[in-house]
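Trainee: Got a predicted model here, sequence first, then my questions.
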Amino acid sequence: MKQRVLFVCLGNICRSPAAEAMLRVLVEREGLSDRVEIDSAGTYGGHSGERSDPRMRRAAEARGIPMTHRARQVKEADFERFDMIIAMDDNNYETLFRLAPDRAAQQKIYRFREFLRHHPDWSYIPDPYYEGHEGFELVLDLLEDGCAALLEEIRRYI
């Protein structure tokens, strides 16, 4: 059975497309690309059609993680299409919860922090948009931790 995962942040130009790219690399390494579908979106549509923030692309590519995603806004159909919808922080989690068309859709929504194993002090994935290089590196460290644990979870369903 194919597992479908959607990562969500505010603008879909930093955190969620980086999580999408990170999980995609892990899935490809494991030879599971045909069994896992990965995408990302934002709760805010102001960046729709744009590439990811160039600072995030540079930081990710330095780790061997190519980012090719174009930003898009979450739509109602995503709640039907995806098995897991993973919010980067509480604000986006709450927005997703309000946007969900029904209880079944709400049950698909997770906080990314639920998958952090080696960073217990972090209750959310911080937005690096207004930060320096270190902010992008921190986000990638957190995403690497959480995506590894998420892949373990996904294996249970495929």
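Mentor: On my side now, so go ahead.
Trainee: contacting residues for the residue positioned nearest the centre of the chain?
Mentor: Taking Cα atoms, centre = their mean, the centroid of the chain lies closest to Phe7, which sits 2.9 Å from it. Phe7 is in contact with 15-17, 19-20, 23, 38-41, 86, 88, 112, counting by Cβ atoms under 8 Å, 6 or more residues apart in numbering. For every residue, glycine as well, the C-beta is placed using N, CA and C.
Trainee: and what of Val36?
Mentor: Residues near Val36 by Cβ under 8 Å, 6+ apart: 2-5, 23, 27, 154, 158.
Trainee: where's the residue nearest to the centre of the chain, which helix or strand?
Mentor: Using DSSP states H and E, the element containing Phe7 is strand 3-9.
Trainee: Okay, angle between the next helix or strand after that strand and strand 3-9 too, please.
Mentor: For strand 3-9, the following helix or strand on the C-terminal side (DSSP H and E) is helix 15-29. Computed by axes from the mean of the first three to the mean of the last three Cα atoms, to 10 degrees, the angle separating helix 15-29 from strand 3-9 equals 150 degrees.
Trainee: what are the phi and psi values for Gly49?
Mentor: Dihedral angles of Gly49 (phi, psi; degrees, to the nearest 10) stand at phi 90, psi -10.
Trainee: Each with direction, which strands does the strand holding Phe7 pair with?
Mentor: Here strand 3-9 is paired, per DSSP bridges, with strand 36-42 (parallel), strand 84-87 (parallel).
Trainee: What is the distance between the shortest one and the centre of its chain?
Mentor: Strand 84-87 has its C-alpha centroid displaced from the chain centroid by 7 Å (Cα atoms, centre = their mean, to the nearest Å).
Trainee: Repeat that for stretch 55-69.
Mentor: Remark: stretch 55-69 is offset 14 Å from the chain centroid, using Cα atoms, centre = their mean.
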